[in-house]
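Q: I'd like to go over a predicted model; first the sequence, then the structure.
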Amino acid sequence: MKNLSIVFALSTVFASAVLWAEPVTCLSPDGRAVVTFDLTAVGEPTYSFAFRGETVIAPSRLGFDIKALGADAFDGRKAADLRRDFVLTDVKRATADETWKPVWGEEKEIRDHHNELLVALVQKTTGRRMNVRFRVFDEGLGFRYEFPSEEDKGVARLVPGQQIVPQGQTQPLTHFTIVEERTRFNLPCDPLAWWIPADYETQEYRYTNSKVTEIPSLFKGAPDANLSSTLTPVPCVQTALMLKYPSGLLVNLHEAACVDYATMHLKVDGHDFESYLTPDATGAKGWLQTPCRSPWRTVICGAKGADILSSRLTLNLNEPCALADTSWIHPVKYVGVWWTMITGAKNWAYKPDPTMHAANTTNVIRHLDFAAEHGFDEVLVEGWNIGFEDWFGKEKDAVFDFVTPYPDFDLEGLNAYAKKKGVKLMMYHETSASTRNYERCLDAAYGLMKRLGYDSVKAGYVGNILPHGDHHYSQWSNNHYLYCIKEAAKRQIMVNQHEAVRPTGLCRTWPNLIGNESARGTEYESFGGNNPDHTTILPFTRLIGGPMDYTPGIFEADLSKVCSWKKQFISTTLCGQLALYVTMYSPLQMAADLPENYEKRLDAFQFIKDVPCDWDETRYLEAEIGDYLTIVRKAKGKDEWYMGSKCDENGHKAKITCDFLTSGKTYTATIYADAPEARYGGPTADRYVITKREVTRETVLDLVAQPGGGWAVSFK
Ligand code: NOJ
Ligand code: CA
């Protein structure tokens, strides 16, 4: 009887295994994007993707190299592959069309409309199961790997091992490490890429624009200011990566919902790519236990730059909001004592020279008064707590306790004063990249914030990760960042992480993550400069995963006026700085310059005071990566619009039809434009002209941005 049932089972297997004739396709809701799944002759899973009749991803292999752990490892940690010998055992399809409301965002509602294909695979030689879930949107593709638990037989129709593998030879998959994810992105051509080199510690690079095949010869470190940098041993690039195909098609590669997993880089192989995960201190690229899944690998396509910028595919692939009550989460406009330190005029540390210490009570009161007078929500104070005097570059473990102020910082008194003024102090935690020390201190650190009334924290991860040998974007570090976000949410604290992993849309699930740096920000205007086209690239790359705390608003372009020995001008004009409040979307916006630099130019400062950082609607009027972009947004709950345009070193002219305005209504447009002589990087960078005029939706505005400049317009 027993033998008979095995024979019966085997025959069902093979019947079932051929039941699903490959290839299997899945179309987008509009039918114009299509993913195709197939198995090669040796059972290698592959996918390809086409958008509006054009091949975006040519047939590309999927899979992993792994090592099984524990009882699953027959010969200790035996290397194995999940790359070939697969059979397709089930196909499931689904469709979703739903509209959800973000807690904050570029628009008040987001539509998630996609078709889904799940392919269930069993490896013939081991009985191991690996599923691939594809979601096809009109503008692109997301796919992820899913490893069912050994108990869960729900997905695959076949009982693994029992049918496919001779009895006693199945190798279950429960605990395993990833040696490498082997997802290929085979391209049909050699596109232009806007890329930064892959580095396990930093994302603070300038962009290079070259053909993909040229990347290996141009691949080099190290960023100007960040002490910690570990380039990948072979040429790889970071995502989000922006590509332009010879046909003009724009293609963006990134990942969504990177949870309990290492960050992916893309290894360059001719004009193709293969996934290359960030290792941990042991060299492993992931420690998994079934059931588990990878982040989504994403492909966003568009004929125009605006198509890429308007895609919400990354957010849509993240889980819905995990918080029942989000009433305490709010957009934040803030000022701080930050720029004096970044320029070198003042220090974070109280020692050895207390007269150089920026976070002193008098200076903070000055900023609290300024914030209250001009309507800012919060004042960021870095360098208020002991530790900075014996930290930078020293790789000490327990440097900061996050509760002990320097003697000239009246922690209690300043919070009481802020409360009286109707503003809040913003907490700063320099973790010194010791994730271990920070986790140990977290309860006390957040506890102090709650006791004193802080509701947001900027957390920094400067330096090499401690424990030694781990990296900024490993699975372990990524779990740390999310742990802090979740612990903060429990206490109703909003989080802005600097030097942490680049975002992958997790702010949908955890909207208390209101900011990330994770790219080269305004601080580099003082550390060697940013390229004038930098902020025309970031919206297509870093911002695909979520908002950036770019900290714009530098009005005094001549840094020697802030710090006498710094003989340097910033790389934009003043109006270029204003434009960034619209073009660099973030619910968290800083006015980064010194109060006195705003007080000298209160007419231009008015735009920063007026511009909101939460929106009902967004329109991308023009967007050429690396050249210019113009965005207009409608303020949340108000009939007011704000337009920003930022350009590269060549300047930009545009005719903008105001047809976004409500018909039949007249608005007052206040136009903040570069003066004709304004130029980035020199003494005329801060020249601007402000004009006011009445406009309707029929009005056409002729606007000019000078080299490195931009414009900003409010419509009220
Ligand atoms: C780097 C951050 O990007 C910057 O904003 C912060 O002021 C410093 N770290 C402080 O350590
Ligand atoms: Ca930084």
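A: Sure, I can see it. Ligands and ions are numbered 1, 2, ... in the order given.
Q: can we go C-alpha only for contacts and neighbour counts from here?
A: Will do.
Q: for residue 132, see how far away the most centrally placed residue in the chain is.
A: If you average the C-alpha coordinates of the chain and look for the closest C-alpha using C-alpha atoms, centre = their mean, you land on residue 503, 2.8 Å from that point. Distance from residue 503 to residue 132, counting by C-alpha to C-alpha, to the nearest Å: 23 Å.
Q: still on that earlier bit, the residue nearest to the centre of the chain reaches residue 516, doesn't it?
A: Yes. Using C-alpha atoms under 8 Å, residue 503 makes contact with residue 516 at a distance of 7.2 Å.
Q: what residues are shared contacts of those two?
A: Residues touching both residue 503 and residue 516 (C-alpha atoms under 8 Å, 6 or more residues apart in numbering) are residue 546.
Q: return the set of buried residues in stretch 681-692.
A: Within stretch 681-692, the residues that qualify as buried are 681, 682, 683, 684, 685, 686, 687, 688, counting by 16 or more other C-alpha atoms under 10 Å.
Q: same list (these) but as a markdown table, adding pLDDT and distance to residue 327.
A: As requested, those are arranged in a markdown table below (pLDDT from 0 to 100; distance: C-alpha to C-alpha, whole Å):
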| residue | pLDDT | distance to residue 327 |
| --- | --- | --- |
| 681 | 97 | 43 |
| 682 | 97 | 45 |
| 683 | 97 | 45 |
| 684 | 98 | 44 |
| 685 | 98 | 41 |
| 686 | 97 | 39 |
| 687 | 98 | 41 |
| 688 | 98 | 39 |
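Q: what about ligand 1: which of these touch it?
A: The overlap between the buried residues of stretch 681-692 and the neighbourhood of ligand 1 (criterion: C-alpha under 6 Å from any ligand atom) is empty.
Q: neighbours of whatever residue of the stretch 201-350 of the chain ends up closest to ligand 1, just the number please.
A: Here the residue of the stretch 201-350 of the chain nearest ligand 1 is residue 338; by C-alpha to the nearest ligand atom that distance is 6.2 Å. For residue 338, the count of nearby residues is 23 (other C-alpha atoms under 10 Å).
Q: how near is it to residue 345?
A: The span separating residue 338 from residue 345 equals 10 Å under the rule C-alpha to C-alpha.
Q: and residue 506, by the same measure?
A: Counting by C-alpha to C-alpha, the separation of residue 506 from residue 345 is 36 Å.
Q: and for residue 689?
A: As judged by C-alpha to C-alpha, residue 689 and residue 345 stand 30 Å apart.
Q: just the helices in the stretch 501-650 of the chain please.
A: Defined through DSSP state H, counting those that start in this stretch, the helices belonging to the stretch 501-650 of the chain, from first to last, are 534-537, 574-583, 595-599, 602-610.
Q: closest to residue 303 out of those helices?
A: Relative to residue 303, the nearest member of the helices of the stretch 501-650 of the chain by C-alpha to C-alpha is helix 534-537, separated by 16.7 Å.
Q: how far is the closest one from where the chain is centred?
A: Here helix 534-537 is found 15 Å from its chain centre; the criterion is C-alpha atoms, centre = their mean, to the nearest Å.
Q: if you average pLDDT over that helix, what comes out?
A: Over the span of helix 534-537, the pLDDT mean works out to 98.
Q: restricting to C-alpha, output that helix in CSV.
A: This file holds the C-alpha atoms of helix 534-537, laid out as CSV (Å, rounded to 0.1, in the frame of the first residue of the first chain):
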residue,chain,number,x,y,z
HIS,A,534,23.1,67.6,-7.9
THR,A,535,19.5,68.5,-6.9
THR,A,536,18.2,67.9,-10.5
ILE,A,537,19.4,64.3,-10.1
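Q: mind listing what's buried in that helix?
A: Buried residues in helix 534-537, defined by neighbour count with 16+ other C-alpha under 10 Å: 534, 535, 536, 537.
Q: for the residue nearest to the centre of the chain, which non-adjacent residue is closest in space?
A: If the residues on either side of it in the chain are set aside, residue 503 comes closest to residue 545, at 4.7 Å by C-alpha to C-alpha, 6 or more residues apart in numbering.
Q: which residues touch the one you found?
A: Taking C-alpha under 8 Å, 6+ apart as the criterion, residue 545 is in contact with 240, 254, 255, 256, 314, 315, 502, 503, 504, 505.
Q: cutoff 7 Å now
A: Contacts were defined as C-alpha atoms under 7 Å, 6 or more residues apart in numbering; by that measure residue 545 touches 314, 503, 504, 505.
Q: more neighbours: residue 506 and residue 345, which one.
A: The neighbour count for residue 506 versus residue 345, taken as other C-alpha under 10 Å, is higher for residue 506 (24 against 19).
Q: leaving out chain neighbours, which residue sits closest to the more buried one?
A: Once flanking residues are discounted, residue 506 sits nearest to residue 257: 5.7 Å by C-alpha to C-alpha, 6+ apart.
Q: measure the one you found to residue 504 for me?
A: Between residue 257 and residue 504 the computed distance is 5 Å (C-alpha to C-alpha).
Q: between the two, which one's more packed in?
A: Set residue 257 next to residue 504 and count neighbours by other C-alpha under 10 Å: residue 504 wins out with 27 against 24.
Q: for the stretch 251-400 of the chain, which segments count as strands?
A: Residue ranges of the strands in the stretch 251-400 of the chain, as given by DSSP state E, counting those that start in this stretch, are 264-269, 272-277, 287-289, 292-293, 296-302, 332-336, 378-380.
Q: what's the longest one in contact with?
A: With C-alpha under 7 Å, 6+ apart as the test, strand 296-302 has contacts from 139-144, 249-257, 308.
Q: contacts only, for residue 499.
A: Under the criterion of C-alpha under 7 Å, 6+ apart, the contact partners of residue 499 comprise 202, 460, 461, 462, 517, 518.
Q: of those residues, which belong to strands?
A: Secondary structure assignment by DSSP state E places residue 460 of these in strands.
Q: kindly reformat the contacts of residue 499 as TSV containing distance to ligand 1, pLDDT and neighbour count.
A: Listed next are those as TSV, based on distance: C-alpha to the nearest ligand atom, whole Å; pLDDT from 0 to 100; neighbours: other C-alpha atoms under 10 Å:
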residue	distance to ligand 1	pLDDT	neighbour count
202	11	96	29
460	6	98	19
461	7	97	20
462	6	96	23
517	7	98	27
518	8	97	22
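Q: ok, the contacts of residue 499 vs residue 196, which is closest?
A: The nearest member of those to residue 196, counting by C-alpha to C-alpha, is residue 202 at 10.3 Å.
Q: my read: the closest one touches residue 229, true?
A: Yes. Using C-alpha atoms under 7 Å as the test, residue 202 is close enough to residue 229 to be in contact (6.0 Å).
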